[in-house]
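Colleague: requesting a structural model of the entry that follows:
(one chain, ligands or ions: 2)
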Amino acid sequence: METKISIEDVSAPGDLILETGTENSRLEGKLPSEKDLATSSEEQFKCELRRSGDLQNGKTQLTAASVIEVIDVKKSYILGDMEVPILHDINLKVREGEFLAIMGPSGSGKSTLMNLIGFLDRPTEGKIIIKGLDINKLSDREVARLRGLEIGFIFQTFNLIPRLTALENVELPTYANSRSGVDTHERAKELLRLVGLGDRMRHRPGELSGGQSQRVAIARALVNDPAILLADEPTGNLDSKTGCEILNMFRKLNEDGRTIVMITHDPEIAGYADRIVLVKDGIIQNNKE
Ligand SMILES: Nc1ncnc2c1ncn2[C@@H]1O[C@H](COP(=O)(O)OP(=O)(O)OP(=O)(O)O)[C@@H](O)[C@H]1O
Ligand SMILES: [Mg+2]
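Modeller: Ligands and ions are numbered 1, 2, ... in the order given. Just a heads-up that it's a prediction; the model follows:
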């Protein structure tokens, strides 16, 4: 699957931070005017994004095959001699090309569920099936390959390696697994340009803003062209304008056929997905497709 979004589609997010009059004034050492403050206000910004209901491919998903199946999954953590149940009995199917949002209160088990789907952790009981493959039946090597090539993971806290540059961070997953015939160095550069960071490739995470770090994390998640994108609060640390751009990017990746599972606290952001699943106290509350 090839990413078809163009640099124009992303509308140069690299320029965002400096776009408002307030920021420019700060850079030039001037106090912001009232007009500047008005244009930079969060309330002034309206995210213009098509909802999935407006898209033509919405209907075809009902007949598409499941790419993610979570079957009777339980997850507990052992703390001292106590077993603390976190996920109780989770059943979830995500269809190919679906854009699913997961919502729920803090501590309800959303990231725990996402980590299980992304093979970052194993369930205490139950099965996770990705693209028809039961991960309990795969060797560690096969799991690593499936995860490396088919799943792009965007973490709640970016998880960039501080001593590596943006470019090296994006290239990192390709050291373990890559698709044959792909020039991974060029692909990493192309993705950084795509997310508007063509001029930040040699910066380290400490030299990037939160929104820029999140965009590096998105480029890293896409470097092996995965079929499934898992995003844990991808816009949680961003202002609404940058968050909207990230969502726009997701929408386009979804239109290109990628399956997206996104955790969010924000009902408005969840409203852009095809379906919303609510997790509360380790249980899915609404499980209708
Ligand atoms: N490694 C761990 N060991 C023990 N308990 C854990 C571990 N990871 C998570 N938990 C517990 O599991 C529960 C669910 O955590 P999780 O991170 O899945 O919540 P969340 O829904 O993603 O919350 P938030 O919206 O705040 O990110 C929490 O009570 C947390 O303390
Ligand atoms: Mg979480």
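
Colleague: export the lengthiest helix in the chain to PDB, keeping only CA atoms.
Modeller: In the chain, assigned by DSSP state H, the helix with the most residues is helix 240-255. The C-alpha trace of helix 240-255 is given here as PDB (Å, rounded to 0.1, in the frame of the first residue of the first chain):
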ATOM      1  CA  SER A 240      -6.600  22.500  18.100                       C
ATOM      2  CA  LYS A 241      -5.200  23.700  14.800                       C
ATOM      3  CA  THR A 242      -2.300  21.300  14.800                       C
ATOM      4  CA  GLY A 243      -4.600  18.600  16.100                       C
ATOM      5  CA  CYS A 244      -6.900  19.300  13.100                       C
ATOM      6  CA  GLU A 245      -4.000  18.900  10.700                       C
ATOM      7  CA  ILE A 246      -3.100  15.600  12.300                       C
ATOM      8  CA  LEU A 247      -6.700  14.400  11.900                       C
ATOM      9  CA  ASN A 248      -6.700  15.600   8.300                       C
ATOM     10  CA  MET A 249      -3.600  13.500   7.700                       C
ATOM     11  CA  PHE A 250      -5.300  10.400   9.300                       C
ATOM     12  CA  ARG A 251      -8.400  11.000   7.200                       C
ATOM     13  CA  LYS A 252      -6.300  10.800   4.100                       C
ATOM     14  CA  LEU A 253      -4.400   7.800   5.200                       C
ATOM     15  CA  ASN A 254      -7.800   6.200   5.900                       C
ATOM     16  CA  GLU A 255      -9.100   7.100   2.500                       C
END
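
Colleague: what's the following helix or strand after it?
Modeller: Downstream of helix 240-255, the first helix or strand assigned by DSSP states H and E is strand 259-263.

Colleague: in its sheet, what does that next one sit against?
Modeller: Its sheet considered, strand 259-263 pairs with strand 99-103 (parallel), strand 228-232 (parallel) by DSSP bridges.

Colleague: let me know the average pLDDT across that strand.
Modeller: Strand 259-263 carries an average pLDDT of 96.
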